[in-house]
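> task: produce atomic coordinates for the following.
(2 chains)
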Amino acid sequence: GESVGLHLPTLSVQEGDNSIINCAYSNSASDYFIWYKQESGKGPQFIIDIRSNMDKRQGQRVTVLLNKTVKHLSLQIAATQPGDSAVYFCAVGSGGSNYKLTFGKGTLLTVNP
Amino acid sequence: NAGVMQNPRHLVRRRGQEARLRCSPMKGHSHVYWYRQLPEEGLKFMVYLQKENIIDESGMPKERFSAEFPKEGPSILRIQQVVRGDSAAYFCASSPGVGTGGYEQYFGPGTRLTVT
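Modelled structure (predicted):
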């Protein structure tokens, strides 16, 4: 089965800096990847997704990069704000239609004012 | 458009009791997923349901756990004879469908189950 790991359990940045959160996955056949943000006491909130036919996808202040060669996924947050403080999870879809999400353990991002 | 709704938000049960967790998907969504999250861990897939059908229950413990998504009403995750190890946050997600590319799953706020 799929396994998903994060490189760092915690990340602390200054407000206004860029943040990079990294994730590694095990199954080279995986083709759907998602980043979620989870604030304390809440459910995961979708940030951005990417399919394996792309290397990069941009959203509002966020960019996801996919390196299939080394099975690595990253989330970049530009101009990090205090409201970005949360736990960030990468998830990989499997199960034929990619409905079964395998989550990593999460990176706690703390933004210092 | 209301999001995914779960209730109760917090549930306390004594060992041996039954826990019933309810999930109402987003309007227009007919696919429901349940996940469990232990402290300091990521979410673990439990089951995927469509109306009146269990599609994939590969993540469900073999005993005491069951799930349903009836034609009318919310999806229910039922845990019989709860034990302390069942204490966790249980999240429900819904999507409008599935496809080879994957579909975004929208998560509810979760039910935090505490077994005493």
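
> tell me what residue 77 is bridged to.
With no chain named, the answer covers chain A. A:Ser19, A:Val62 (DSSP bridges).

> not quite, go with chain B.
With DSSP bridges as the criterion, B:Leu77 is bridged to B:Leu21, B:Ala67.

> and it, how many neighbours?
27 (other C-beta atoms under 10 Å in any protein chain shown). C-beta here means a position set from N, CA and C on the backbone, and glycine is covered the same way.

> per-residue confidence for it?
We have a pLDDT of 98 for B:Leu77.

> also the one 4 residues further on?
Reading off the per-residue confidence, B:Gln81 sits at a pLDDT of 98.

> element containing it, please.
For B:Gln81, there is no host helix or strand (DSSP states H and E).

> burial measure for it, as a count.
13.

> please apply the same query to B:Gly108.
25.

> how far off centre is stretch A:31-43?
In terms of C-alpha atoms, centre = their mean, to the nearest Å, the centre of stretch A:31-43 is set 8 Å apart from its chain centre.

> got the buried residues for it?
A:Asp31, A:Tyr32, A:Phe33, A:Ile34, A:Trp35, A:Tyr36, A:Lys37, A:Gln38, A:Gly43 (16 or more other C-beta atoms under 10 Å in any protein chain shown).

> gap between the residue nearest to B:Ala19 when sequence neighbours are not counted and chain A?
Leaving aside its chain neighbours, B:Ala19 sits nearest to B:Ile79 (4.4 Å; criterion: C-beta to C-beta, 6 or more residues apart in numbering or on different chains). Separation of B:Ile79 from chain A (C-beta to the nearest C-beta, to the nearest Å): 19 Å.

> among the buried residues of stretch A:31-43, which are located in strands?
Counting by DSSP state E, the buried residues of stretch A:31-43 place A:Tyr32, A:Phe33, A:Ile34, A:Trp35, A:Tyr36, A:Lys37, A:Gln38 in strands.

> on the C-terminal side of the least confident helix or strand in chain A by mean pLDDT, identify the next helix or strand.
Lowest on mean pLDDT, DSSP states H and E among the helices and strands of chain A sits strand A:4-6, with a mean of 72. Where DSSP H and E defines the elements, the next helix or strand beyond strand A:4-6 is strand A:10-14.

> nice, that's everything, thank you.
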